[in-house]
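S.K.: pasted the sequence and its predicted model underneath.
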Amino acid sequence: MNAKRKILLTEDDLSLMKIYSNKLRISGFDVSMAITGDEALRKAEIELPELMLLDLILPGKDGFLVLEELKKNPKTKNIPVIILSNLGQESDIQKGKELGAVDYLIKSDVSLAALVEKVKKYLQP
Amino acid sequence: MWLLIIIFSVVVIGLFYYVIFLKNKLQHLREEEVIKTEGRRSAFISIISHQLRTPLSIIKGYLESLLAEDLGKITTGQKEYLSEALDINIDTVKLVNDYLNIVKLDSEYIEVDPKPVDLVSVVEEEVHRIKPLAKASNCEVVFHRPGGPIPMVRADLIKIKQVVQNTLSNAIKYIGGHGQAVLIVENKGETVQFSCHDTGVGIPKEQQSEIFTKFFRARNVINKNTKGSGLGLYLAKMIIDALGGKIWLKSEENKGTTIYFELPIYKNGKK
């Protein structure tokens, strides 16, 4: 049996954390979770997930800062990061992409099924 | 005498530079005020986005999980109730998005970033995206692909997608069941024309001139379908105007509506 692919989900809302982690697990992924920006950075470096889902408004370091630090760190810079946020101004989307996010999803617009599809799309084969 | 002329000249030149200095200072203050206002507007949008969208995302996530039977089998009756709640959730998300757009665009003009855009691909993508909604409403969406090549238009990709999306979702909404929406993209020489014809309820003749105004809802739908915000076509017109295009409609009550817009073709170097 193939090993499950590890996703690191960073989300500070516990309801959304439950919803997303449950859906990803049901879809066959190994899900690791972080609530704060610092926790996300720490887990990314130790666990080296194959993909990250990153919220922007987080306690402590915000998602943009986390993304910037991930991309500066040689150990984590190649992990594809999908921003999953409810901020959706063009300036946010642009900033996210400039900092190296592979995609930018707005939570209220994306369905759980579409989210799983995106995760599959950006996981390197 | 010469001394007087020299003093006078120095005073005049001094005054001239002082006026220029004051003018620049005023301009600078105005620019600062605009930046401050934009900053406040942007912060306001971020807060509202987060506060309104988060609970909607949670409800949506729970409903989708239940409907996908991730937590166990559900009965047909339960499925019906949950689907209805999810539809309302999706409509509310759209309303919030429309309102946020209005706050964003509530200035004298809307900022666009015109680049070459392939309108045919935009329409194809939006038709693909809306298919599930059309199917759920028993309505058919047909895109007649143009026979010949269509030149790139001068448009802002994100915003033009929104215009096509708003037009198409209006068509499906006002067909209100069995019917058809037909989309055409045509090369008109200097411009490319898009049209979306629907077999919907149409717009009363006396109200057609108001269709692109803020919060407009036609009298023949206002009581039947209360889900619209009356902002979709208002936004569409703002965007098309800002891109130097034109938007208009033809409609007959109980027969249907066609929304047209045209955009200039993209010419290299021309702003």
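M.R.: Done, it's in.
S.K.: report all helices and strands that the host helix or strand of B:Leu66 contacts.
M.R.: If you go by DSSP states H and E, B:Leu66 is part of helix B:2-67. Under the contact criterion of 3 or more CB pairs under 8 Å, 6 or more residues apart in numbering or on different chains; DSSP states H and E, helix B:2-67 touches helix A:14-26, helix A:112-122, helix B:76-105. All C-beta spots, glycine's among them, are computed from the backbone N, C-alpha and C.
S.K.: tabulate the ones you listed in TSV, adding columns for distance to A:Gln94.
M.R.: Listed next are those as TSV, based on distance: least, CB to CB, whole Å:
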stretch	distance to A:Gln94
helix A:14-26	24
helix A:112-122	19
helix B:76-105	14
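S.K.: tell me which of those is the most buried.
M.R.: Neighbour counts (mean count of other CB atoms under 10 Å in any protein chain shown) averaged over each of those peak at helix A:14-26, with a mean of 18.
S.K.: count of neighbours near B:Tyr18?
M.R.: 10 (other CB atoms under 10 Å in any protein chain shown).
S.K.: residues in chain A within reach of chain B, list them.
M.R.: Applying CB under 8 Å from any CB of the partner chain, we find that chain A lies next to chain B at A:13, A:15-16, A:19-20, A:22-23, A:26, A:57, A:86-92, A:106-109, A:111-113.
S.K.: same thing but at 10 Å, please
M.R.: Within chain A, the positions near chain B by CB under 10 Å from any CB of the partner chain are A:13-16, A:18-20, A:22-23, A:25-27, A:56-57, A:84-93, A:106-113, A:115.
S.K.: thinking B:Gly129 is in contact with A:Ser111, fair?
M.R.: One correction, residue B:129 is Arg, not Gly. No: counting by CB atoms under 10 Å, A:Ser111 is not a contact partner of B:Arg129; they are 11.7 Å apart.
S.K.: do you know the pLDDT at the closest residue to chain A within the stretch 101-250 of chain B?
M.R.: When scored by CB to the nearest CB, the stretch 101-250 of chain B has B:Ile158 as its residue closest to chain A, at 6.7 Å. B:Ile158 carries a pLDDT value of 79.
S.K.: same thing with A:Tyr20?
M.R.: So A:Tyr20 comes in at 97 (pLDDT).
S.K.: so what's it closest to, chain neighbours aside?
M.R.: Nearest residue to A:Tyr20, sequence neighbours excluded (CB to CB, 6 or more residues apart in numbering or on different chains): A:Leu9, at 5.7 Å.
S.K.: helix B:76-105 and the helix or strand bottoming out on mean pLDDT in chain A, what's the angle between them?
M.R.: Ranked by mean pLDDT, DSSP states H and E, the weakest helix or strand in chain A is helix A:90-98, scoring a mean of 91. For helix A:90-98 against helix B:76-105, the angle between stretch directions is 100 degrees (axes from the mean of the first three to the mean of the last three CA atoms, to 10 degrees).
S.K.: beyond helix A:90-98, next helix or strand please.
M.R.: strand A:103-106.
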